[in-house]
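S.K.: how does the following fold in three dimensions:
(2 chains)
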Number of protein chains: 2
Amino acid sequence: MKKSINELAFFGGTPLFDILLPVGQINIPEYERFEALMNDVFDRKYYANHGKLTLEFEDKFSELSGMKNSIAVTNGTVAISIAAKALNLPVKSKVIVPSFTFIGTVQALTWAGLEPVFADIDPETHTITYETVAPLLKNKNISAILGVHLWGNPCDVERLDKIEQQYGIPVFYDAAHAVGSAYKNKSLASFGHCATFSLHATKVLQAAEGGVICTDDDELAEHIRNIRTYGRTKKVNDSMVFNARFSELQAAMALLSIEKFPEYVSNNKHRYLLYKERLKDVPGVSVIQYDDSMQGNYQYVVFRLNEEKFGISRDLLVEILSNENIIARKYFIPAAHKSVPYINMECSKVKLPNTELLTQEVFQLPSGQIVTDEHIERICELISFIQQNADAIKENLKR
Amino acid sequence: MKKSINELAFFGGTPLFDILLPVGQINIPEYERFEALMNDVFDRKYYANHGKLTLEFEDKFSELSGMKNSIAVTNGTVAISIAAKALNLPVKSKVIVPSFTFIGTVQALTWAGLEPVFADIDPETHTITYETVAPLLKNKNISAILGVHLWGNPCDVERLDKIEQQYGIPVFYDAAHAVGSAYKNKSLASFGHCATFSLHATKVLQAAEGGVICTDDDELAEHIRNIRTYGRTKKVNDSMVFNARFSELQAAMALLSIEKFPEYVSNNKHRYLLYKERLKDVPGVSVIQYDDSMQGNYQYVVFRLNEEKFGISRDLLVEILSNENIIARKYFIPAAHKSVPYINMECSKVKLPNTELLTQEVFQLPSGQIVTDEHIERICELISFIQQNADAIKENLKR
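M.R.: Residues are numbered from 1 along each chain as shown, chains lettered A, B, ... in the order given. Below is the predicted model of the structure:
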């Protein structure tokens, strides 16, 4: 451990770690199992188009999520565009969506010909609520609400359902972070008309690239399948269809992860709890609380940093950590309404105080299989050291 | 071989083959080589986001195509949508495109917010020409021409280039079938502003699913890269961006195929020439001519059937062959302008006599690595037998 601030890599010292500790899961599937699955694919000479492994994966995902339909697609962003099209939201209509989300959420709406109306979020859960959404319903031409279960934390699902009943505006969810998660023992996939998931390599359940759309509505599922495959189901008609098929390569990867899912989640929870315990007494640092009402996958270890109490800014902390090979990440910079192309559009002219605050305060620390208990102990020790020496660090910076 | 028409499986006899002989390449990459590449991916724990194998594949594709930029994307349909967006074609503007093409070509334009104006094709090359395109330029709001190098046969590239010079309307190409092909020793990838390719499992160069966009225009390439990855290049701005990344799994597959490409093409050409030779004296059957000016990949063995000369219709021939486990395929049924959703739109109200004729006459016979010389000999013998017994078959059907 560092004995003085001069030993910080930021000030020219040796980095604490000699490997990069990343944010994101990077769970490492077992190669032998992948090999067995791929051997089978090569034997059958069937590599794409809803093959045996894809169908098997979709069944297992339905089981994991307690849903009737799981439709595997190219990636999690395309999943949102397809969901919007399957819901038949009119081109140029408006969809309420948080600005505090990965930019892909909003870009997917734009690809589907829709316009965002940005909602603020609750500062504790980082998700949209009845209170942040209801005032926006006075906007003209709102066709839907797209909630984001950010970090796997559920939106205000029960009261958003009520908005649907009250106003007749459909709700659907970007559940990219919420694979296998539940709220009050009810699958997060089951809220709204449908929910979309990401299987990107950095997710707890990964297919290198990939996405899934879940719904219990069989008719909606038929439209999703039709849009995914060139309008080929023949059972329904859709005006915009294309190719978003999932290949047998993706399915082989995803099957590895789904078999290991309970183990990955258990390890994630262990890491989350260790970070939480070790940082609980550091002034100004608070970890995101996963409410007792939810069963999460703990794939993200998300913190807020209060500059006044901690002594230095979130941005400076992240820079100091990066120099030690601790790849902490700031979220979301900028928020969607401050990003191209939205910043140049009417939709950016909104007041989102909680979003603005969180973009200053939120960061993630390294997570996933690569990160050991010892890494976490040393990271937390270092953060505590930085807090204790905050004034000296700032002083040193002025020189 | 069949001794009488009663031995045809269509009339209750035993099928000629006990395995299905498919259309499409189904080239079988070597598992050992795939294993070595994937072992490396698992060792590096890097599965997505423009990894080492993807960059290597893009370089090799550029080499094969003689182009400066090859950008690997999710699939060949998405490649067309991205190309249209990168060319900045205005939403609701019109793009001239053949109706005699795989429906995905047109669907990709629709996803990009564009409207098709259907052009007829030359009955020999099955592609659009100066003559079929020029009269359509009187339509209002034409923003581009999307040619399709169908079956790898070049469009009328030189004279379409002249249209661009004359009218200032950009030309780009769907070269899904034309990987590694050339016209007058000039890469087909080099005509128009950009060309898009498909790496679907049934193509001569396959990534299970996949696509590539080639261009020598560095600025256009930068837009394509930006659109592919959430607008993240920061060098350019685009209003519609999303995720169309190529994974390391796709790259591993594609590298296998590109290494074997010359061998696959040589085998394809052998099969094509054998079919051509064996069917040359059968009345009413004509194989598509690959012009001497082109260097093709011969991945498709495409025929036309003249019902009057052959004795029975293309549709009946295909049905008889299917019963023998010879999976011949009819193209394109229906043509794009007769397909949902276009059939219900203004754009369907066009006269396309050559397209109409070819949808009645064109079919493919089994191709790719699975198909042996002996298979081809027997298939051709059977087709000759059917032609010689055409009247008896029709008679038998009436009973």
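
S.K.: so A:Gly13, which of the three states?
M.R.: Secondary structure, DSSP: H, G, I helix; E, B strand; the rest coil: A:Gly13 is coil.

S.K.: excluding chain neighbours, what is closest to it?
M.R.: Nearest in space to A:Gly13, with sequence neighbours left out and distances taken as CB to CB, 6 or more residues apart in numbering or on different chains, is A:Glu7 at 4.0 Å. For the C-beta atoms, the positions are set from N, CA and C on the backbone; glycine is no exception.

S.K.: is it correct that A:Leu321 is in contact with A:Arg378?
M.R.: No - in this structure, A:Leu321 is not within contact of A:Arg378 by CB atoms under 8 Å, at 11.4 Å.

S.K.: quick one: which of those two has more around it?
M.R.: A:Leu321 (25 against 18; other CB atoms under 10 Å in any protein chain shown).

S.K.: and the closest residue to that one other than its chain neighbours, how many neighbours?
M.R.: With CB to CB, 6+ apart as the criterion, A:Leu321 has its nearest non-adjacent residue at 4.6 Å, and that residue is A:Ala328. The number of residues packed near A:Ala328 is 22, by other CB under 10 Å.

S.K.: quick check: A:Ala328 touching A:Leu382?
M.R.: No - with contact defined as CB under 8 Å, A:Ala328 does not count as touching A:Leu382 (11.0 Å).

S.K.: picking that back up, check what pLDDT the residue nearest to A:Leu321 gets.
M.R.: A:Ala328 carries a pLDDT value of 94.

S.K.: A:Asn39 now?
M.R.: pLDDT for A:Asn39: 89.

S.K.: so what's it closest to, chain neighbours aside?
M.R.: Computed as CB to CB, 6+ apart, the closest residue to A:Asn39 that is not its neighbour in sequence is B:Tyr31, at 6.4 Å.

S.K.: so what's the one you found up against?
M.R.: Neighbouring residues of B:Tyr31 by CB atoms under 8 Å, 6 or more residues apart in numbering or on different chains: A:Met38, A:Asn39, A:Phe42.

S.K.: and the nearest residue to A:Leu249 once chain neighbours are set aside, what element?
M.R.: With CB to CB, 6+ apart as the criterion, A:Leu249 has its nearest non-adjacent residue at 4.2 Å, and that residue is B:Leu249. Using DSSP states H and E, B:Leu249 falls within helix B:248-259.

S.K.: beyond that helix, next helix or strand please.
M.R.: Helix B:248-259 is succeeded, C-terminally, by helix B:261-279 (DSSP H and E).

S.K.: tell me the gap between that next one and the middle of its chain.
M.R.: 17 Å (CA atoms, centre = their mean, to the nearest Å).

S.K.: just to revisit the earlier point, and the residue nearest to A:Leu321, what does it touch?
M.R.: With CB under 8 Å, 6+ apart, A:Ala328 has these contacts: A:Val23, A:Leu317, A:Val318, A:Leu321, A:Ser322, A:Phe363, A:Gln364, A:Leu365, A:Pro366.

S.K.: return the member of those residues nearest to B:Thr14.
M.R.: If you rank the contacts of A:Ala328 by distance to B:Thr14 using CB to CB, A:Val23 comes first, at 62.1 Å.

S.K.: which residue ranges of the stretch 201-350 of chain A form helices?
M.R.: Ranges of helices in the stretch 201-350 of chain A, per DSSP state H, counting those that start in this stretch, are A:218-228, A:248-259, A:261-279, A:307-310, A:314-323.

S.K.: and the stretch 1-150 of chain A, which residues reach chain B?
M.R.: With CB under 8 Å from any CB of the partner chain as the criterion, the stretch 1-150 of chain A meets chain B at residues A:26, A:28-29, A:31, A:34-35, A:38-39, A:42, A:45-49, A:74-78, A:81, A:103-104, A:107-108, A:110-111, A:113.
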